[in-house]
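S.K.: Provided below for reference: sequence and predicted model.
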Amino acid sequence: MNEIGQNPKAACPICGKPADLAHKPFCSKRCADIDLNRWLSGVYAAPAKEDDEDGERPRDGEADEA
């Protein structure tokens, strides 16, 4: 029987090899470091919609008075 939380079918999200429990969900420290670099360099950035400076969007029909 498998240990709780262990998925024998889990694959490394970087290279696809079977995941190693020591580096879960990755197969090695190398793949974990590749993923960390992608996060830190902005590859995994989620698109964001910027609001006005005050945090509110103008209502329909209101003109900017700037």
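M.R.: Nice, thanks for sending it over. Numbering: from 1, shown residues only.

S.K.: where in this protein is pLDDT low?
M.R.: Flagging of the chain using pLDDT under 70 yields the residue ranges 1-8, 51-66.

S.K.: ok, which stretches of it are helices?
M.R.: Listed in chain order, the helices found in the chain under DSSP state H are 29-41.

S.K.: quick one: contacts for the closest residue to A19 other than its chain neighbours?
M.R.: By the measure of CB to CB, 6 or more residues apart in numbering, the closest residue to A19 outside its immediate chain neighbours is A10, 4.4 Å from it. The C-beta positions use only the backbone N, C-alpha and C, and glycine is treated the same way. Contacts for A10 (CB atoms under 8 Å, 6 or more residues apart in numbering) come out as 18-19, 24-25.

S.K.: spatially nearest residue to P25, not counting backbone neighbours?
M.R.: For P25, the closest residue by CB to CB, 6+ apart turns out to be A19, at 5.2 Å.

S.K.: what sits against the one you found?
M.R.: Taking CB under 8 Å, 6+ apart as the definition of contact, the neighbours of A19 are 7, 10-12, 25-27.

S.K.: wait, S28 touches D20, no?
M.R.: Yes. With contacts defined as CB atoms under 8 Å, S28 counts as touching D20 at a distance of 6.5 Å.

S.K.: give me the neighbour count for G16.
M.R.: Taking other CB atoms under 10 Å as the criterion, the count of residues near G16 is 10.

S.K.: same thing with the one 10 residues further on?
M.R.: The burial count assigned to F26 is 23, neighbours taken as other CB under 10 Å.

S.K.: please name the nearest non-neighbouring residue to it.
M.R.: Excluding the flanking residues, the one nearest F26 by CB to CB, 6+ apart is A32, at 4.4 Å.

S.K.: from P25, how far out is that neighbour?
M.R.: To P25, A32 is 9 Å away according to CB to CB, to the nearest Å.
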